[in-house]
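Trainee: Next one to model:
(2 chains)
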2 protein chains.
Amino acid sequence: MTVDLSLYVLVDPERSRGRPLAELAAEAAAGGATLIQYRDKLASTARMVETAHAIRIALTGSGVPLLINDRVDVALASGADGVHVGQDDMGVADARRLLGDEAIIGLTIRSAEEAEAAAVELIDYACIGGVFATGSKDNAGAPIGIGGFAGIRQVFTRRWPRLPVGAIAGIDATNAAALARAGADGVAVMSAVTLAEDPRAAAAALKAAFVAGRPEPRPSRSDQP
Amino acid sequence: MTVDLSLYVLVDPERSRGRPLAELAAEAAAGGATLIQYRDKLASTARMVETAHAIRIALTGSGVPLLINDRVDVALASGADGVHVGQDDMGVADARRLLGDEAIIGLTIRSAEEAEAAAVELIDYACIGGVFATGSKDNAGAPIGIGGFAGIRQVFTRRWPRLPVGAIAGIDATNAAALARAGADGVAVMSAVTLAEDPRAAAAALKAAFVAGRPEPRPSRSDQP
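Mentor: Numbering: from 1, shown residues only, chains lettered A, B, ... in the order given. Model prediction:
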């Protein structure tokens, strides 16, 4: 499935300022988010299914797909559009088998080695990171920076040129354009939107910043766009 | 699916004395366990799928089914026989829809109210508890005791007489017979087997104790077996 990664917003109850995630997701979509991910490392399964369902309802009519972090069971039970998996989550082959061909499956990639090993034929996009330092997730490794992003992206360019590749971690309106220039098909953000006073405006600002940095016409996947 | 609850052994890495869960499961089955549940509240999804798969392989040929606590995704990915869900886990209707008619689905019941509300037509068994105090799980409520067990079991006897009903929490070889006499179709145990020096012998002792308490012929589901 073709995925628009331009502005990928993650919602997580730990980074929501207590606001309902369905409301945050809807505001983000209204501000221009093209993809939403629900991440929750604390809630019970029952609560996750309930929350995912509420987000899905809130996104109805927006055309913005909802993915669930890690949990294929929650995606299936809630009718979400797919999952985003990390290297410690369910393997991509199992996830694809359980979710079917129509589901969206994304994968986090932290190194060139992981990009080489990734089952690119089974995923719909990859997110490379952590690009910058972030307070919203314990990242084992040091930030890879824009140069690191570009280097890992090269692996995908060679292996599977049409795979959308996003950047994740520590991204906000001040650095989104640089990632667009480095070849990112989109930016995945959490705090810059979900902790903002006005999540819709924050999403719109981020989207504008990213789009402004994106070369027109869209870059070919050559070394130097 | 007809489930034999006689000796239901839960394996959990937090209560394993560091031994591989696949080994514990195989030993328990060799000692007479009739059902195994893998419970893991800490591991990554990738690790859970791997462990579940290893347990399933270890049980091959034993005829003893493997259930996964809570996680339908792990059950599906590992080829386990079903899931056991609590009140905070995925709802039984969703689990049945995702796992299909052949899967085994069990439900924890903590009160007569929960027994009244349970979707008995969608589950294969219920476990009632916590019967006794236990160190292996944080139980919100006070232990219900054998009298509490018998009272809740009555609700199932009335609603769905053929549903196998087990007892859970704090059960060992000293009290298993009393639960059999109270009408339990089986006992669900963890520490009494998985923390034992010899899990196989511990399982055999528990099974013998339970079977000895079970009236012959098996009790009708009347008030006083």
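
Trainee: Would you map the strands across chain A?
Mentor: Along chain A, the stretches classed as strands by DSSP state E are A:7-11, A:35-38, A:66-69, A:82-85, A:104-109, A:125-129, A:165-168, A:186-189.

Trainee: Can you say which of those is nearest to residue B:120?
Mentor: Counting by Cβ to Cβ, residue B:120 lies closest to strand A:66-69 out of the strands of chain A; the figure is 29.5 Å. C-betas here are computed from N, CA, C, even on glycine.

Trainee: What are the contacting residues of stretch A:85-97?
Mentor: Residues outside stretch A:85-97 that contact it (Cβ atoms under 8 Å, 6 or more residues apart in numbering or on different chains) are A:69-70, A:72, A:83, A:103, A:105-108, A:110, A:114, A:118-119, A:122-123, B:44-47, B:49, B:73, B:76-77.

Trainee: hmm, try it at 7 Å
Mentor: With Cβ atoms under 7 Å, 6 or more residues apart in numbering or on different chains as the test, stretch A:85-97 has contacts from A:70, A:72, A:83, A:105, A:107-108, A:114, A:119, A:122-123, B:44-46, B:49, B:73, B:77.

Trainee: what does stretch A:16-26 give?
Mentor: So stretch A:16-26 is contacted by A:11, A:13, A:36, A:38, A:51, A:54-55, A:57-59, A:194-195, A:199 (Cβ under 7 Å, 6+ apart).

Trainee: Looking at the residues you listed, which are in helices?
Mentor: A:51, A:54-55, A:57-59, A:194, A:199 (DSSP state H).

Trainee: of the contacts of stretch A:85-97, closest to residue A:132?
Mentor: Checking the contacts of stretch A:85-97 against residue A:132 by Cβ to Cβ gives residue A:108 as the nearest, at 14.9 Å.

Trainee: Please report how far the closest one lies from residue B:189.
Mentor: Plainly put, residue A:108 is 39 Å away from residue B:189 if you go by Cβ to Cβ, to the nearest Å.

Trainee: near chain B too, which of the ones in helices among the contacts of stretch A:16-26?
Mentor: Among the ones in helices among the contacts of stretch A:16-26, none lies close to chain B by the criterion of Cβ under 7 Å from any Cβ of the partner chain.

Trainee: For the residue lying closest to residue A:34 once chain neighbours are set aside, grab the count of nearby residues.
Mentor: Sequence neighbours aside, residue A:4 is the residue nearest to residue A:34 in space, at 4.1 Å (criterion: Cβ to Cβ, 6 or more residues apart in numbering or on different chains). By other Cβ atoms under 10 Å in any protein chain shown, 16 other residues sit near residue A:4.

Trainee: From residue B:212, how far out is residue A:4?
Mentor: As judged by Cβ to Cβ, residue A:4 and residue B:212 stand 66 Å apart.

Trainee: same deal with residue A:100?
Mentor: From residue A:100 to residue B:212 the distance is 50 Å (Cβ to Cβ).

Trainee: and for stretch A:121-130, what are the contacting residues?
Mentor: Stretch A:121-130 has contacts (Cβ under 7 Å, 6+ apart) with A:1, A:3, A:5, A:92-93, A:96, A:104-109, A:118, A:139, A:143-144, A:149, A:152-153, A:156, A:163-170, A:188.

Trainee: Give me the PyMOL select line for these, limited to the buried ones.
Mentor: Here the buried members of the contacts of stretch A:121-130 are turned into a PyMOL selection, burial being counted by 16 or more other Cβ atoms under 10 Å in any protein chain shown:
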select buried, chain A and resi 3+5+92+96+104+105+106+107+108+109+118+139+143+144+149+152+153+156+163+164+165+166+167+168+169+170+188
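
Trainee: thought residue A:32 was touching residue A:203?
Mentor: Yes: contact criterion Cβ atoms under 7 Å: residue A:32 and residue A:203 qualify, at 5.4 Å.

Trainee: so what's residue A:84 bridging to?
Mentor: residue A:69, residue A:106 (DSSP bridges).

Trainee: who are the neighbours in contact with it?
Mentor: A:37, A:67, A:69, A:106.

Trainee: picking that back up, now the strands of chain A in JSON lines, with mean pLDDT?
Mentor: Putting the strands of chain A into JSON lines (pLDDT from 0 to 100) gives the following:
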{"stretch": "strand A:7-11", "mean pLDDT": "98"}
{"stretch": "strand A:35-38", "mean pLDDT": "98"}
{"stretch": "strand A:66-69", "mean pLDDT": "98"}
{"stretch": "strand A:82-85", "mean pLDDT": "98"}
{"stretch": "strand A:104-109", "mean pLDDT": "98"}
{"stretch": "strand A:125-129", "mean pLDDT": "96"}
{"stretch": "strand A:165-168", "mean pLDDT": "97"}
{"stretch": "strand A:186-189", "mean pLDDT": "97"}
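
Trainee: For those strands, could you give me a markdown table that also reports distance to residue B:21?
Mentor: Below are the strands of chain A laid out as a markdown table (distance: least, Cβ to Cβ, whole Å):
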| stretch | distance to residue B:21 |
| --- | --- |
| strand A:7-11 | 33 |
| strand A:35-38 | 30 |
| strand A:66-69 | 26 |
| strand A:82-85 | 23 |
| strand A:104-109 | 27 |
| strand A:125-129 | 32 |
| strand A:165-168 | 34 |
| strand A:186-189 | 35 |
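
Trainee: so where's chain A shaky on pLDDT?
Mentor: For chain A, applying pLDDT under 70 flags the ranges A:1, A:136-140, A:217-225.

Trainee: which residues of it fall in helices?
Mentor: A:21-30, A:45-59, A:72-78, A:92-99, A:112-117, A:145-159, A:176-181, A:191-194, A:199-213.
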